[in-house]
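Just a sequence and a predicted model for now, questions to come.
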Amino acid sequence: MRWCMGMAAVWMLWMAHLGPVRAAGPLLLRDADNTVAAWPAVRLLVDEQLTLTAEDALSRLDDFQKPTKDATLGVRKDAVWLYIPLAVDPASEGRWVLDINHTDLNRIDVLLLQNGKVLQRSVLGTEVPRAQRPLPGRTPAQAFQLEAGQNYEFLLRVQTRGAMILPVTFNTPTGILGRAVNEQMLQGVLTGLALCLIFYSMAQWYSLREPLFIQYALLTSGSLLYSLHFFGVGQQYLWGHSPWLTSHAVGLASLMAITGSFLFMSQALEGHNPQSRFLRRMRWGALFTVGLGVAFALDLISLKGLAAIVSVINGALPVNFWTLHSFQISATLDMLLFMRVLGLRTKELHTKVQHANQQLDAMHSLAHTDPLTGLPNRRGMQIELSSALARATHENLLAVYVMDLDGFKPVNDQHGHDVGDELLVAVARRLQCHLRQSDVIARLGGDEFVVMTGELQSTTQAHELGLKLLEAFSSPFALGGIQVQVGLTIGYAIAPIDSQDGAGLIKLADAAMYSGKQSGKFCVRRNTGDLALSSA
């Protein structure tokens, strides 16, 4: 929020030279001008006791003084009378709209006079129900039909609890419409941007459960509600029917934004550090503003001093587009910069999640992979087998081979465990070279391996694959400077023909393999059920 205020001050000081130039005499209304600023012709009379009537004010026209500041009279308890003499151009059509481009004014009594006679009276401001207002726009406005070439006087009495900002203008219908359309478009764009940021941060909070996002949503919502109130969009579309909301919206919105700022900045700078004094103080500050909000909502305190653009309210700078919109523009820039902070936090969270997933994958790999060969171990094989069985049908058979090396123990005893381990790795690579990429090879332990191959069209195809694997072990293995020869005994079973259960298939294939060992080794044998019974 301090950054917002700094940016607002820079904008306002830069644009100060755009203030109106004071002029003497009646205000000339010409249709070609479309919009005529009234402040150069305004004279003021302060009613400190709140007792002056319109007749009293008219009788004291000589006491009216030229304002020493621009159209910002600060936060005050008294009422102010404005006297505006004007002359209508002889070529004018006479249709003019009095407009005060500041929405948060409680009551404005407007009198149109000619030669001291009151021609028309009206009341504007937030205290007037929207259905009874002369024009349904954002700002207090009243249309008048004036005669060309005539002189008139306007007498306005203004009383408000907030900042008395009075950018009074007279506008042709074309001028007021153009200003209204441009302002509505600007408010629509900035409001839409703020809503997108709010919904995005709330979605991120719901997804990630990171409190920084909901705190950002609170901060942005408060800033948005303040802008909606300040520029009259809230009264125009949302809470204009509720006098309580109309009078309390600005204070509650300001306190909401301050609360969000306390929480967001502390979370962004300190994170979840419970030992941080700064974090505790910021949270106490947020709690204090929440208490102020409750007290304000219950009308226990008054927040007349709440104002975002302090220098404008004090009349130090002119009231124009840039000074009135400086808070909204800088707040929008603030929201976008804070979104960058959220982006960095999101990136940090994603990095942590990615690191955690990598650790999880590594742990999963250790739990399901044989560290020597890189093949699935028994646990990994069971997962792969369950998945393959779900796809096995009589048209797409699944063959499960259990195989044991012939002559591995003598090689291990003669050449040592290092050569034995190297041989097991070479066996795994040779099996992979003779199988499809979709087939699964697993090492159960020792010199025992399992091969699973699916999408077979016949039992003959399964037997031929077994013979192919057997033939692959007819040549020796070259391990460094030595060559070793090992054979292979294979037992297999077919799903769903021989069994539809994973454990049952392994048991059948294992029994067939042991039967082959007992019958002379280096063979392929299928078990359809009879070998399992004899093995048992």
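Noted; the coordinates are in hand.

ok, and what's touching stretch 480-487?
Contact with stretch 480-487 is made by 405-408, 411, 415, 419, 422-423, 427, 473, 476-477, 521-522, as judged by Cβ atoms under 8 Å, 6 or more residues apart in numbering. Every residue, glycine included, has its C-beta placed from N, CA and C.

which ones among those are found in helices?
Those of those mapping onto helices are 408, 411, 415, 419, 422-423, 427, per DSSP state H.

the helices in the stretch 251-400 of the chain, which residues?
Along the stretch 251-400 of the chain, counting by DSSP state H, counting those that start in this stretch, helices occupy 277-297, 310-313, 321-368, 378-391.

worst average pLDDT in those?
Lowest mean pLDDT within the helices of the stretch 251-400 of the chain: helix 310-313, a mean of 40.

Could you turn the buried ones of the contacts of stretch 480-487 into a PyMOL selection?
Entered in PyMOL, the line below selects the buried ones among these, by 16 or more other Cβ atoms under 10 Å:
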select buried, resi 405+406+408+411+415+419+422+423+427+473+477+522
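
So, low pLDDT: which residues of the stretch 1-150 of the chain?
1-24 (pLDDT under 70).

just curious, which of the contacts of stretch 480-487 is nearest to Ile258?
Taking Cβ to Cβ as the measure, Ile258 sits nearest to Glu422 out of the contacts of stretch 480-487, at 70.3 Å.

Just give the nearest non-adjacent residue to Glu395, would you?
Excluding its sequence neighbours, the residue lying closest to Glu395 (Cβ to Cβ, 6 or more residues apart in numbering) is Gln457, at 7.4 Å.

these two touch, right, the one you found and Leu397?
Yes. Using Cβ atoms under 8 Å, Gln457 and Leu397 qualify as a contacting pair, with a distance of 7.2 Å.

Which one's more surrounded, those two?
Between Gln457 and Leu397, counted using other Cβ atoms under 10 Å, Leu397 has the larger neighbour count: 21 against 10.

Buried residues in stretch 389-407, which are they?
Buried-residue list, stretch 389-407, by 16+ other Cβ under 10 Å: 389, 392, 397-406.

Now do the end-to-end distance for stretch 462-480.
End-to-end distance of stretch 462-480 (Cα to Cα, to the nearest Å): 34 Å.

What is the neighbour count of Gln437?
Per other Cβ under 10 Å, the neighbour tally for Gln437 reads 5.

same thing with the one 3 residues further on?
The tally of other residues near Val440 (other Cβ under 10 Å) stands at 21.

which ones are touching it?
Val440 sits in contact with 376, 381, 384-385, 388, 450-453, where contact means Cβ under 8 Å, 6+ apart.

ok, now which ones touch Cys523?
By Cβ under 8 Å, 6+ apart, the contact list for Cys523 reads 470, 489-490, 516.

Out of the residues you listed, list just those in strands.
Mapping these onto strands (DSSP state E) picks out 489-490.

need the helices for the stretch 101-250 of the chain, in chain order.
Using DSSP H, counting those that start in this stretch, the helices assigned to the stretch 101-250 of the chain run over residues 173-208, 211-230, 233, 243-270.

Mind listing what's buried along the last one?
In this case it means helix 243-270. In helix 243-270, counting by 16+ other Cβ under 10 Å, buried: 246-268, 270.

still on that earlier bit, taking the buried residues of stretch 389-407 one by one, which sit in strands?
Mapping these onto strands (DSSP E) picks out 397-406.

What is the nearest of these to Gly466?
Tyr401 (6.3 Å).

So that closest one sits against Leu469, correct?
Yes. Using Cβ under 8 Å, Tyr401 is in contact with Leu469, at 7.3 Å.

Give me the common contacts of the two.
451, 490.

So the nearest residue to Pro376 once chain neighbours are set aside versus Leu177, what's the distance?
Closest residue in space to Pro376, ignoring its immediate chain neighbours: Ala442 at 4.3 Å, by Cβ to Cβ, 6+ apart. Ala442 sits 79 Å away from Leu177, going by Cβ to Cβ, to the nearest Å.

what does Pro140 give?
Pro140 sits at a distance of 17 Å from Leu177 (criterion: Cβ to Cβ).

of these two, who's got more company?
Higher neighbour count among Pro140 and Leu177: Pro140, with 29 against 14, using other Cβ under 10 Å.

ok, what's across the strand from Ile494?
When assigned by DSSP bridges, Ile494 has beta-bridge partners Ala399.

ok, it - how many residues close by?
By the criterion of other Cβ under 10 Å, Ile494 has 24 neighbours.

In contact with it, which residues?
With Cβ under 8 Å, 6+ apart, Ile494 has these contacts: 397-400, 456, 459, 462, 526.

let's see 6 Å
By Cβ atoms under 6 Å, 6 or more residues apart in numbering, the contact set of Ile494 is 397, 399, 459, 462.

could those go into a markdown table alongside pLDDT and distance to Asn115?
Listed next are the contacts of Ile494 as a markdown table, based on pLDDT from 0 to 100; distance: Cβ to Cβ, whole Å:
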| residue | pLDDT | distance to Asn115 |
| --- | --- | --- |
| Leu397 | 94 | 110 |
| Ala399 | 95 | 112 |
| Thr459 | 92 | 117 |
| Ala462 | 92 | 114 |
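
Including distance to Gln437, could these go into CSV?
Output for those, formatted as CSV (distance: Cβ to Cβ, whole Å):
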residue, distance to Gln437
Leu397, 19
Ala399, 16
Thr459, 23
Ala462, 18
